[in-house]
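Student: fold the following.
(chains A and B)
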Protein chains: 2
Amino acid sequence: MLGGSIGMRLRRDALAKEVVGFGRDRKKLARAIELGAIDRGEESLLAAAKNSDLVIACTPVQQIPAAIVEAASVAKSIALFTDVGSTKSSIVESLGSMPFGKQFVGSHPIAGSDKSGVEHASPDLFERRLTILTPTVESNPTAVQTIERFWKEMGAKTQTMLPDEHDHAMALTSHLPHVVAAMLSMGTPTHLLELTGTGWNDTTRIAAGNPQLWRQILEENHGPVLRAMQNFATISREWIAAMEAKDFERVEQLLIAGKEIRDSVGNRHSSG
Amino acid sequence: MLGGSIGMRLRRDALAKEVVGFGRDRKKLARAIELGAIDRGEESLLAAAKNSDLVIACTPVQQIPAAIVEAASVAKSIALFTDVGSTKSSIVESLGSMPFGKQFVGSHPIAGSDKSGVEHASPDLFERRLTILTPTVESNPTAVQTIERFWKEMGAKTQTMLPDEHDHAMALTSHLPHVVAAMLSMGTPTHLLELTGTGWNDTTRIAAGNPQLWRQILEENHGPVLRAMQNFATISREWIAAMEAKDFERVEQLLIAGKEIRDSVGNRHSSG
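Tutor: Numbering: from 1, shown residues only, chains lettered A, B, ... in the order given. Have a look, this model is predicted:
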């Protein structure tokens, strides 16, 4: 979905001479061509990356460093490298010193979904959404500017953060919600599912995400996610204590605290 | 929203000779007339319920029993009474023996939302959604059939449950998700809110609901909700244990358990 969306935007706005997709599945590559996401598909990463100017890794997070290093061996000497991974510290650390002085600048477009695959791609996926860039002190400023311009061409707003700062923030704003949605879903007895309404549906929607991808995210961002979960457990104990004490004034205060933060965000990126 | 939606449907399908709305706010009543939700508005419950055939209480749950009893004193002798409250045991118990042998049959249309007010009403709100009826062994079967027919005219599917059974089910499918959404929202540092995406947004959406109404729901359904929260805390400890042990095989199993239940429901009632 992310790679396909980038390809569609690049092609629609004539931003690249050629968009090459790499994938192991010939049928998916054919479908990506059909849908206008890529000009050419390659089942070999080396063939796909050969002589490229820009390589964007859209694989599961744990495969990103190896894929970038492999692509760097055949890309142009001036080529730049980025990714769309939703964790950054370990990826950026792995790619701190690229072979032949090549430049990797980590990116994370916050345009997630429980969906995947080129069928769900759209050239407007990144439109007005935030993409976080995570350069380090060692990043070449020109490379950072170019990657930033790339995301602006995708329609995104950009923001720069340190990789650690990014991962701490995402543990709270993205990874914890995913875990909580999964907890809520797994805790619902199946014979009651026919009684669920929009509330349960909204609250558990992201639990439909790919478990293998999410396992990798939770593994890569283990420390910050665990702390976010422990913090959430503390809040949960506060709620249970208020309910056990039948302190409904306190319950109302807790509900108000939740509403105030929710209301300050609104429905600006609702999914469905 | 619920009362207005009922009124719109009744009027659109010419199901009632007259739809009378009761409310304390003259402006809201005028707006309800403007939007086609009611024929006439009354600021006095006695004036509104006088000579009515059917009374539907759409107030916050804790006000439902008193409102029904008051309305029963002036409604027709053959009048029927129902409600749209999202808890049922204490309401049904309070109204177990109505004055003058009048009949109350508890209802709960599962068509909730974080929205309220006639501006969000729609004659199709109940269409293909489930409404649960909670008659007791003492309910008059003809009254139950009539209330069931009423909801079918609203477009709803109906199901009958015991009040306790209903409240236990709702604790898990509706009240716990609300509490969890509030916990997640209140636990997000405000300086990180600009980094939230669709996942956080979906998962916390219902935390925007009215805290006073939800306090009443949690109070009315205290026991089942507390047990649901304790059960959720157990699941949370299971997750934290897996993360602390860095047992990512187990983490993946937990993610799969959440996904399987979520996938079995799909997006049949997505909100936005």
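Student: got a list of what the residue in the stretch 51-200 of chain A that chain B sits nearest to touches?
Tutor: Taking Cβ to the nearest Cβ, chain B has its nearest neighbour within the stretch 51-200 of chain A at A:A182, 3.0 Å off. The C-beta positions use only the backbone N, C-alpha and C, and glycine is treated the same way. Residues counted as contacts of A:A182 (Cβ atoms under 8 Å, 6 or more residues apart in numbering or on different chains) are A:A207, B:L254, B:L255, B:A257, B:G258, B:K259.
Student: can you pull out the strands in the stretch 101-250 of chain A?
Tutor: Here the stretch 101-250 of chain A has its strands, by DSSP state E, counting those that start in this stretch, at A:103-104, A:106-109, A:130-134, A:157-160.
Student: now for the last one, which elements pack on it?
Tutor: So that's strand A:157-160. Based on contacts counted as 3 or more Cβ pairs under 8 Å, 6 or more residues apart in numbering or on different chains; DSSP states H and E, the elements that strand A:157-160 packs against are strand A:130-134, helix A:141-153.
Student: please see if the shortest one touches chain B.
Tutor: Yes - part of strand A:130-134 sits near chain B under the criterion Cβ under 8 Å from any Cβ of the partner chain, namely A:L130, A:I132.
Student: again with the longest one
Tutor: No - judged by Cβ under 8 Å from any Cβ, helix A:141-153 stays clear of chain B, getting no closer than 15.2 Å.
Student: name the residues that touch that helix?
Tutor: In contact with helix A:141-153 (Cβ under 8 Å, 6+ apart) are residues A:9, A:13, A:15, A:54, A:80, A:82, A:103, A:105, A:107, A:109, A:126, A:131, A:133, A:135, A:158, A:160.
Student: would you mark the buried spots in that helix?
Tutor: A:A143, A:V144, A:T146, A:I147, A:E148, A:F150, A:W151 (16 or more other Cβ atoms under 10 Å in any protein chain shown).
Student: again with stretch A:102-122
Tutor: By neighbour count on 16+ other Cβ under 10 Å, the buried set for stretch A:102-122 is A:102-114, A:118, A:121.
Student: what of stretch A:170-190?
Tutor: Those buried within stretch A:170-190 under the rule 16+ other Cβ under 10 Å are A:170-188.
Student: so which of these belong to helices?
Tutor: Among the buried residues of stretch A:170-190, DSSP state H puts A:M170, A:L176, A:P177, A:H178, A:V179, A:V180, A:A181, A:A182, A:M183, A:L184, A:S185, A:M186 in helices.
Student: dump those into a markdown table; add pLDDT as well.
Tutor: Output for these, formatted as a markdown table (pLDDT from 0 to 100):
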| residue | pLDDT |
| --- | --- |
| A:M170 | 97 |
| A:L176 | 98 |
| A:P177 | 98 |
| A:H178 | 97 |
| A:V179 | 98 |
| A:V180 | 98 |
| A:A181 | 98 |
| A:A182 | 98 |
| A:M183 | 98 |
| A:L184 | 98 |
| A:S185 | 98 |
| A:M186 | 98 |
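Student: and for A:E244, nearest residue in space, chain neighbours not counted?
Tutor: Using Cβ to Cβ, 6 or more residues apart in numbering or on different chains and skipping the chain neighbours, the partner closest in space to A:E244 is B:L226 (6.6 Å).
Student: kindly apply the preceding question to A:N221 instead.
Tutor: A:T87 (4.5 Å).
Student: measure the one you found to A:Q103 for me?
Tutor: Distance, A:T87 to A:Q103, by Cβ to Cβ, to the nearest Å: 20 Å.
Student: go on, A:W151?
Tutor: Distance, A:W151 to A:Q103, using Cβ to Cβ: 15 Å.
Student: also A:P224?
Tutor: 26 Å.
Student: ok, back up a step: state the pair within the buried residues of helix A:141-153 that is farthest apart.
Tutor: The largest distance within those, taken as Cβ to Cβ, falls between A:A143 and A:W151 and amounts to 13.2 Å.
Student: where do the helices sit along chain A?
Tutor: Under DSSP H, chain A gives helices at A:2-12, A:26-34, A:45-49, A:64-72, A:89-94, A:141-153, A:163-170, A:176-186, A:198-204, A:211-220, A:222-244, A:248-265.
Student: those into a markdown table, with extra columns for distance to B:M243?
Tutor: Below are the helices of chain A laid out as a markdown table (distance: least, Cβ to Cβ, whole Å):
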| stretch | distance to B:M243 |
| --- | --- |
| helix A:2-12 | 26 |
| helix A:26-34 | 33 |
| helix A:45-49 | 32 |
| helix A:64-72 | 22 |
| helix A:89-94 | 16 |
| helix A:141-153 | 32 |
| helix A:163-170 | 15 |
| helix A:176-186 | 9 |
| helix A:198-204 | 20 |
| helix A:211-220 | 7 |
| helix A:222-244 | 5 |
| helix A:248-265 | 24 |
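Student: out of these, flag the one nearest B:R40.
Tutor: helix A:198-204 (31.2 Å).
Student: OK, contacts around A:D83?
Tutor: A:I56, A:A57, A:C58, A:I64, A:I68, A:I91, A:F104, A:G106, A:S107.
Student: report how many residues lie close to the closest residue in space to A:G199 that isn't next to it in sequence.
Tutor: Leaving aside its sequence neighbours, A:G199 sits nearest to B:I206 (Cβ to Cβ, 6+ apart; 4.5 Å). Using other Cβ atoms under 10 Å in any protein chain shown, B:I206 has 30 other residues around it.
Student: again with the one 4 residues further on
Tutor: Here the neighbour count serves as a burial measure; for B:N210 (other Cβ under 10 Å) it reads 15.
Student: that one and chain A, how far apart?
Tutor: Distance, B:N210 to chain A, using Cβ to the nearest Cβ, to the nearest Å: 8 Å.
Student: so that residue sits against B:K115, correct?
Tutor: No - B:N210 is not in contact with B:K115 according to Cβ atoms under 8 Å; the separation is 9.7 Å.
Student: just to check, A:V225 is in contact with A:L172?
Tutor: No - contact criterion Cβ under 8 Å: A:V225 and A:L172 do not qualify, at 9.1 Å.
Student: okay, the residue nearest the centre of chain A: pLDDT?
Tutor: Nearest to the geometric centre of chain A sits A:S86, at 3.7 Å (Cα atoms, centre = their mean). Here the pLDDT value assigned to A:S86 is 94.
Student: quick one: it and A:A171 touch, right?
Tutor: No - taking contacts as Cβ under 8 Å, A:S86 lies outside contact range of A:A171: 10.6 Å.
Student: still on that earlier bit, now for the contacts of A:D83, which pair is the farthest apart?
Tutor: Across the contacts of A:D83 (Cβ to Cβ), the longest gap, 14.3 Å, separates A:C58 and A:F104.
Student: what subset of the contacts of helix A:141-153 is buried?
Tutor: A:9, A:54, A:80, A:82, A:103, A:105, A:107, A:109, A:126, A:131, A:133, A:135, A:158.
Student: right, and the last one touches A:T131 too?
Tutor: I take that to be A:T158. Yes - with contact defined as Cβ under 8 Å, A:T158 counts as touching A:T131 (5.2 Å).
Student: residue ranges with poor pLDDT in the stretch 1-150 of chain A?
Tutor: Counting by pLDDT under 70, the stretch 1-150 of chain A shows low-confidence ranges at A:112-114.
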